[in-house]
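Undergrad: Pasted the sequence and its predicted model underneath.
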Amino acid sequence: MVTLDSFLSHGEAVSALIGDVRSGRASHAIALTGMPGVGKRTLARLLACAFLCVGAGSKPCMQCKGCRRALSGTHPDLLTPSAGEKERSIKVDHLREIIHALSMHAVEGGERVVLLENAQRMTPQAQNALLKSLEEPDGATRFLLTASGDTGLLPTVRSRCRVVRMPPWPREAVEDELLRRGAEAAQARELSILCGGSLGLALSMREDAAFLQLRTLCEATFFSLRSARDVPEASARLKDKREDAEEILSVVEQRAREYLLFAMRAGPAPLPAAETRSHESWLHAAPRALENVLSAVVEANRLRAANVSWQAVAEKLLYIISEEIVLWQP
Ligand SMILES: [Zn+2]
């Protein structure tokens, strides 16, 4: 289970925030910002638990009634807007119950938490409606906001909050998390590189069977060439994939970049994926050869955009790879 401690490795700003919440020194309003999938929502919910926890010892204990009800969203003093996930904006109407509740004491007499996820979706009117409460803290109410991107929150709202920008996940941490959730080693490694620091994206890619099939296809074609003689067969396998062309090229680019970083001693050795026949050759390719492959991918994208047939584009790239990535013999 993800706990507050899991976030201690997410940079100084986040660990300082957790320290302040645990020692009761946290500001009454906290805004978590950062790109999608970095854990803003999870952290906000754990902080809500910490505020509502009634257990003994380090908070949140995750065991007490306060924690359990905060986690399940049934705590009477955990207030969230009534807007649905699908609604594009959070309007004043969606905040009516919160505003009404704020005019009274907390139901259980302890702290209460206003949790505003995707606060960047709040209309300016909705944000203004909360401003008075943000400006005049009543000592018992905590505001937890999450927001993607740097725009969307009014400066007047931002300035009342302790804004904590959540950094992208370190690659190794994503890999560990995927392994913990039962992913296979090679897949965990690949997704951790592809997701660019967004655990959320890594998890959804793992769920995405079509995406994983494309990866396997790329491995079995572009990354399994042993000589130019293999090109016609590989090209035939890519023939019907015109609609996936953009994604295929981005997979090839990403993977070639990984090998290049390794060749330049700037990254770890890429793991061989299943069915890859030329992994050793890629691992021993010179940086210059890998740069040529990357240029060829850029050119392939250009040709594709210029409406050159996908089959011709793919075949040209396959030939260039078969020339650059010379078969390596131990
Ligand atoms: Zn608790």
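TA: Sure, I can see it. Because the structure is a prediction, the values reported are computed rather than measured.

Undergrad: Could you break this structure into its assigned domains?
TA: As recorded under automatic domain parsing, the domains making up the chain are 4-165, 170-207, 209-324.

Undergrad: and the end-to-end length of the last one?
TA: Using C-alpha to C-alpha, to the nearest Å, the end-to-end distance of domain 209-324 comes to 31 Å.

Undergrad: Report the distance from that domain to the chain centre.
TA: 25 Å (C-alpha atoms, centre = their mean, to the nearest Å).

Undergrad: Also the shortest one?
TA: Offset of domain 170-207 from its chain centre (C-alpha atoms, centre = their mean): 10 Å.

Undergrad: Report the buried residues of that domain.
TA: 171, 173-175, 177-178, 183, 187-195, 197-203, 205-206 (16 or more other C-beta atoms under 10 Å). Where C-beta positions appear, they are placed from N, C-alpha and C, glycine not excepted.

Undergrad: contacting residues for residue 13?
TA: Neighbour list for residue 13: 164-165 [criterion: C-beta atoms under 8 Å, 6 or more residues apart in numbering].

Undergrad: The helix or strand in which it is found near the ion anywhere?
TA: Per DSSP states H and E: residue 13 is located in helix 12-22. No. Helix 12-22 lies apart from the ion when judged by C-beta under 5 Å from the ion; the minimum separation is 12.2 Å.

Undergrad: Quick check: what element follows that helix along the chain?
TA: strand 29-33.

Undergrad: which residues are contacting the longest strand along the chain?
TA: In the chain, taking DSSP state E as the definition, the longest strand is strand 141-147. Residues outside strand 141-147 that contact it (C-beta under 8 Å, 6+ apart): 26, 28-33, 40-41, 44, 47-48, 51, 102, 106, 111-120, 130, 133-134, 153, 157, 161.

Undergrad: Pairing partners for it, with directions?
TA: Here strand 141-147 has these sheet partners by DSSP bridges: strand 29-33 (parallel), strand 112-116 (parallel).

Undergrad: what is the orientation angle of that strand with helix 12-22?
TA: Inter-element angle recorded for strand 141-147 and helix 12-22: 160 degrees (by axes from the mean of the first three to the mean of the last three C-alpha atoms, to 10 degrees).
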